[in-house]
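Enquirer: return atomic coordinates for the entry below.
(one chain, ligands or ions: 1)
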Amino acid sequence: MVNLLHIQEPVQQIATAISTVLSVDVEVVNTEYIRIAGTGKYAHHIGEKIKLNHLHQKVIAQKKDVFISNPREHESCAPCPHKDLCEECAELCTPILSEDMVVGVFGLVAFHEPQRKILIRQTNELLTFIKQMGALIVSKVNEEEYINQLRVAKEQLTVIMDSVNEGILAVDSRGHITHANDSLAALINHQKKGLMHRPVHEIMPDSPMLHAITKGNSYINKEIYYPELKRQFLTTTRPIISNQKIMGAVATFRPIEEVEQLILDYTEPRIDIRLNTIIGRSPAMEELRKKVLQFATSSSTVLIRGESGTGKELIARALHSASPRKNKSFIAINCSAIPDTLLESELFGYDEGAFTGANRRGKPGKFEMAHGGTIFLDEIGDMPIHLQAKILRTLQEKVIERLGGHTSLNIDVRIIAATNQPLETMISHGEFREDLYYRLNVIPLYVPPLRERQEDILPLIEHFSGKYNKLFKKNIQGFSEQAFAALLDYDWPGNIRELENAVEYAFNIEASNYIREESLPIKLRNSEHKSNTDTFHTLKELEKKHIKTVLEKYPGSTEGKKQAADVLGIGIATLYRKIKEYEL
Ligand SMILES: Nc1ncnc2c1ncn2[C@@H]1O[C@H](COP(=O)(O)OP(=O)(O)OP(=O)(O)O)[C@@H](O)[C@H]1O
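Expert: Numbering: from 1, shown residues only. I've put the predicted structure just below:
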């Protein structure tokens, strides 16, 4: 609903101008009987509620023009209680209409005879004129409201822009920046205020926005290099077209590694390994856990050594999850699984046109994708020597260059490398760079083989039994004595990976509710334990038996219990709880 109060000032200006030109007085009243404008005797009563006035009521109620040339005697004045005090000699009134609704009254007033004569002489012409003035006032209100709506829309747009994570930039048709949101300012490390009105090419020399405003081109997820920070962004840019003319362009920006992370999140579930989900309470594993926590906050390079299948990758993931980088990417690459020729481009990426061949677009490498996070270089011993030099340079300079690229990109990545190879021997044979070895080995971690932490076997078997019972919808409750002895006796050269495979194999083969020795992989079966009178135990019973055997090896003193707890890989409090539970 049009509200004349919002434009009181311009309406008063119109009223004064009309009064001056026509030599009659003017008043404008809204539907709440507030005087919006007035001249002559009414000039001092603007903004006031007027006395009950039957003339105005009639105009508003009947949407009709009224001319009174003989106030007090006119029938419209008859019910008016103030008619004897009325100073008007004549009044010509018309409703002010907005879309057929009355929003006020426009009146020409005569306070003396010459004015009255003007009104009487030119009634029709003046009526036409004040109707047009009424329409002008309404269009002014509409314009004012439109501007107000635009102002609100602009505020809303700014709030929306500042609440999205993507950087947003808008330019006018000359390429001058008109809008930049908070994320953009943070992304390119600039003050938002300092960006306004600057030519966009000063900030981003290769910005596709320039093509958008000159040629009307649109770009979706195009890579753009930002030299000031040596960073790569993905931009989506569109021209703003109005009345078939390019009025400017809008672009969004995202750090490339964020986009890659998004793809990874959708294609592979994020594996968040926490230290407490790693099975095994052996002293060696407890020691390792302590070290992981101690070094998690550092950004120094870590080299994890240990036999294949001991859990090196798990430890690397736990280190990442416990670090301040946990919300950024953990990118793992197995250096031995990728052919030498591809490894370089996998690690460092390549630029558009780096390879001959059809339309190869650029691609970020694993280092770029891990920006802000962690890269896990598994089987680093298998890294070809020429790439070792490149990795070393990356470690030292913290920049990478894509294949076929001419620009370097800053990267902030924590490197965790792992190997089961004797790097020291490889160095003496010239197969591994000594300088790289020292650079990697800043924080050495060692994951012991399973045969050196036998006490972890039972908890691991329990863990994998739970997993495969669920997966295969089985109800295997335990193992036969012989099968369990075979599992404990075995050397586990393939470590935990091999143990898991053995459990999975047995769960596939076994038809009863207990795993018998015959269901284990052949290499585990131990003829020494063969007997016709095999007994079966649940995992709980096996645990009880196991604890009993260990307890018997040590004296019953507190010190003896401590030793037993150490060997079992559990805390002393847990041991006491188990002794009570199993009545040992
Ligand atoms: N402590 C553990 N608790 C539960 N599962 C484990 C544990 N350690 C290893 N595993 C499992 O064993 C398998 C091998 O672990 P991982 O890949 O981390 O070993 P690795 O030492 O990196 O092996 P490789 O040297 O062959 O790359 C994985 O499936 C992992 O989930």
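Enquirer: burial count for the residue in the stretch 251-400 of the chain positioned nearest to the ligand?
Expert: Going by Cβ to the nearest ligand atom, the ligand is nearest to G311 of the stretch 251-400 of the chain, at 2.7 Å. Bear in mind the C-beta positions are built from the backbone N, C-alpha and C, glycine included. Under the neighbour criterion other Cβ atoms under 10 Å, G311 is assigned a count of 24.
Enquirer: ok and the residue in the stretch 101-250 of the chain nearest the ligand?
Expert: Going by Cβ to the nearest ligand atom, the ligand is nearest to Q232 of the stretch 101-250 of the chain, at 30.1 Å.
Enquirer: next, that residue: secondary structure please.
Expert: Assigned with DSSP: H, G, I helix; E, B strand; the rest coil, Q232 falls in the strand class.
Enquirer: any idea how far the closest residue to it other than its chain neighbours is from N441?
Expert: Leaving out its chain neighbours, the residue that sits closest to Q232 by Cβ to Cβ, 6 or more residues apart in numbering is I256, at 4.6 Å. Separation of I256 from N441 (Cβ to Cβ, to the nearest Å): 30 Å.
Enquirer: check I315 too.
Expert: 15 Å.
Enquirer: higher neighbour count, the two?
Expert: The neighbour comparison of I315 against N441 (other Cβ under 10 Å) goes to I315, with 26 against 14.
Enquirer: quick one on the thing from earlier: go ahead and confirm the residue of the stretch 101-250 of the chain closest to the ligand touches Y225.
Expert: Yes. Counting by Cβ atoms under 8 Å, Q232 touches Y225, with 5.8 Å between them.
Enquirer: what residues do these two have in common as contacts?
Expert: L409 (Cβ atoms under 8 Å, 6 or more residues apart in numbering).
Enquirer: between those two, tell me which one has more neighbours.
Expert: Set Q232 next to Y225 and count neighbours by other Cβ under 10 Å: Q232 wins out with 23 against 19.
Enquirer: ok, that one - contacts?
Expert: The contact partners of Q232, taken as Cβ under 8 Å, 6+ apart, are 223-226, 255-256, 364, 368, 409.
Enquirer: re the thing from before, state the distance from the residue of the stretch 101-250 of the chain closest to the ligand to P448.
Expert: Separation of Q232 from P448 (Cβ to Cβ) stands at 41 Å.
Enquirer: one more: H463?
Expert: H463 is 18 Å from P448, where distance means Cβ to Cβ.
Enquirer: likewise N469?
Expert: Per Cβ to Cβ, N469 is found 28 Å from P448.
Enquirer: between those two, which is the more surrounded one?
Expert: Shown here are N469 and P448; by other Cβ under 10 Å, P448 has more neighbours (20 against 14).
Enquirer: so which helix or strand takes in the more buried one?
Expert: Assessed by DSSP states H and E, P448 sits outside every helix and strand.
Enquirer: who in this structure is up against the ligand?
Expert: Within the chain, the positions adjacent to the ligand are 278-280, 306, 308-314, 378, 418, 420, 496-497, 500 by Cβ under 6 Å from any ligand atom.
Enquirer: can we see that at 8 Å?
Expert: Contact residues, the chain versus the ligand (Cβ under 8 Å from any ligand atom): 277-280, 285, 304, 306-317, 334, 378-379, 418-420, 447, 456, 460, 463-464, 495-497, 499-500.
Enquirer: among those, which ones are in strands?
Expert: By the criterion of DSSP state E, membership of these in strands covers 304, 334, 378, 418-419.
Enquirer: how about these, which pair is most distant?
Expert: Greatest spacing in these, by Cβ to Cβ: I304 and N334 (13.6 Å).
Enquirer: the more surrounded of those two?
Expert: Taking neighbours as other Cβ under 10 Å, I304 and N334 compare with I304 leading, 28 against 14.
Enquirer: mind listing what the more buried one touches?
Expert: Going by Cβ under 8 Å, 6+ apart, I304 touches 312, 315-316, 416-419, 445-447.
Enquirer: mind checking how far stretch 418-437 is from the chain centre?
Expert: Taking Cα atoms, centre = their mean, to the nearest Å, one finds the center of stretch 418-437 at 41 Å from the center of the full chain.
Enquirer: endpoints of it, how far apart?
Expert: With Cα to Cα, to the nearest Å applied, stretch 418-437 spans 11 Å between its terminal residues.
Enquirer: that stretch: which residues count as buried?
Expert: Buried residues in stretch 418-437, counted by 16 or more other Cβ atoms under 10 Å: 418-421, 423, 426-427, 432-433, 436-437.
Enquirer: number of residues surrounding R414?
Expert: 23.
Enquirer: scratch that, T341
Expert: Using other Cβ under 10 Å, T341 is surrounded by 8 other residues.
Enquirer: now do N276
Expert: 8.
Enquirer: quick one, what contacts it?
Expert: N276 is in contact with no residue at all, counting by Cβ under 8 Å, 6+ apart.
Enquirer: roughly how far out does stretch 73-90 sit from the chain middle?
Expert: With Cα atoms, centre = their mean as the basis, stretch 73-90 stands 71 Å off its chain's centre.
Enquirer: average model confidence for that stretch?
Expert: Per-residue pLDDT over stretch 73-90 has a mean of 82.
Enquirer: picking that back up, report the buried members of the residues of the chain next to the ligand.
Expert: 278-280, 285, 304, 306-317, 378-379, 418-420, 447, 456, 460, 463-464, 495-496, 499-500.
Enquirer: so where do the strands sit in the stretch 101-250 of the chain?
Expert: 101-110, 167-172, 177-180, 219-226, 231-242, 245-255 (DSSP state E, counting those that start in this stretch).
Enquirer: and for the stretch 451-584 of the chain?
Expert: Assigned by DSSP E, counting those that start in this stretch, the stretch 451-584 of the chain shows strands spanning 478-480, 514-515, 536-538.
Enquirer: any idea how far apart the tips of stretch 70-88 sit?
Expert: Using Cα to Cα, the two ends of stretch 70-88 sit 9 Å apart.
Enquirer: please apply the same query to stretch 37-47.
Expert: Stretch 37-47: ends 8 Å apart by Cα to Cα.
Enquirer: same thing with stretch 421-430?
Expert: One end of stretch 421-430 to the other measures 14 Å (Cα to Cα).
Enquirer: who touches it?
Expert: With Cβ under 8 Å, 6+ apart as the test, stretch 421-430 has contacts from 379-382, 432-434, 437.
Enquirer: go with 10 Å
Expert: With contacts defined as Cβ atoms under 10 Å, 6 or more residues apart in numbering, stretch 421-430 is touched by 303, 305, 308, 336, 379-382, 385, 417, 419, 431-438, 440-441.
Enquirer: circling back: export the ones in strands among the residues of the chain next to the ligand as CSV, with columns for pLDDT.
Expert: Shown next, in CSV, are these (pLDDT from 0 to 100):
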residue, pLDDT
I304, 98
N334, 92
D378, 95
A418, 97
T419, 97
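Enquirer: now R439: how far from the ligand?
Expert: Distance, R439 to the ligand, by Cβ to the nearest ligand atom, to the nearest Å: 21 Å.
Enquirer: surely that residue touches L395?
Expert: Yes. Using Cβ atoms under 10 Å, R439 is in contact with L395, at 5.1 Å.
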